[in-house]
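Visitor: my questions are about this predicted structure, shown below with the sequence.
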Amino acid sequence: SPLDTMQVKFGDSLKIDVTFESHTGKTVHHINIKILNKDTNEEVYSMPVDSHVNAKVEYDFIDYIGIHSANGFGPNTRWVLKALVWGEEDGEDEESSQVEFTVIP
């Protein structure tokens, strides 16, 4: 969550719900979730602060962000949520997924 091509109303709260899983049965060592403006590439969200989660096979990340100007959002804007997972060392077994959403007035 959010779902790809989802619309979020300006002023609402967006639930970020990502399940990270190892497709090899290894430990999920590091994760990161970013929200970027699709047109300017400006980053308005990057979590968790400590990317090292060290979870066995699966890790669920849930957070909420207010969709308002104080957090960098505006109406009629397009956004990309990118989720990354990697191994013990930077870049090791790195995988990423992304979804897009639009903020509507």
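Guide: That came in fine, so what should we check first?
Visitor: distance of I104 relative to G11?
Guide: Distance, I104 to G11, using C-beta to C-beta, to the nearest Å: 10 Å. Where C-beta positions appear, they are placed from N, C-alpha and C, glycine not excepted.
Visitor: contacting residues for S22?
Guide: Applying C-beta atoms under 8 Å, 6 or more residues apart in numbering, one finds that S22 lies in contact with V28, V57, E58, V85.
Visitor: can you pick the most crowded of those?
Guide: V85 (24 neighbours; other C-beta atoms under 10 Å).
Visitor: report the secondary structure element holding it.
Guide: strand 77-86 (DSSP states H and E).
Visitor: so which elements touch the next helix or strand after that strand?
Guide: Scanning forward in sequence from strand 77-86 by DSSP H and E, the next helix or strand is strand 95-104. Secondary-structure packing of strand 95-104 (3 or more C-beta pairs under 8 Å, 6 or more residues apart in numbering; DSSP states H and E): strand 6-9, strand 77-86.
Visitor: so which bits of the last one are buried?
Guide: The neighbour-count check on strand 77-86 (16 or more other C-beta atoms under 10 Å) flags T77, W79, L81, A83, L84, V85, W86 as buried.
Visitor: neighbouring strands of that strand in the sheet, and parallel or not?
Guide: In the sheet, strand 77-86 lines up against strand 28-37 (antiparallel), strand 95-104 (antiparallel) (DSSP bridges).
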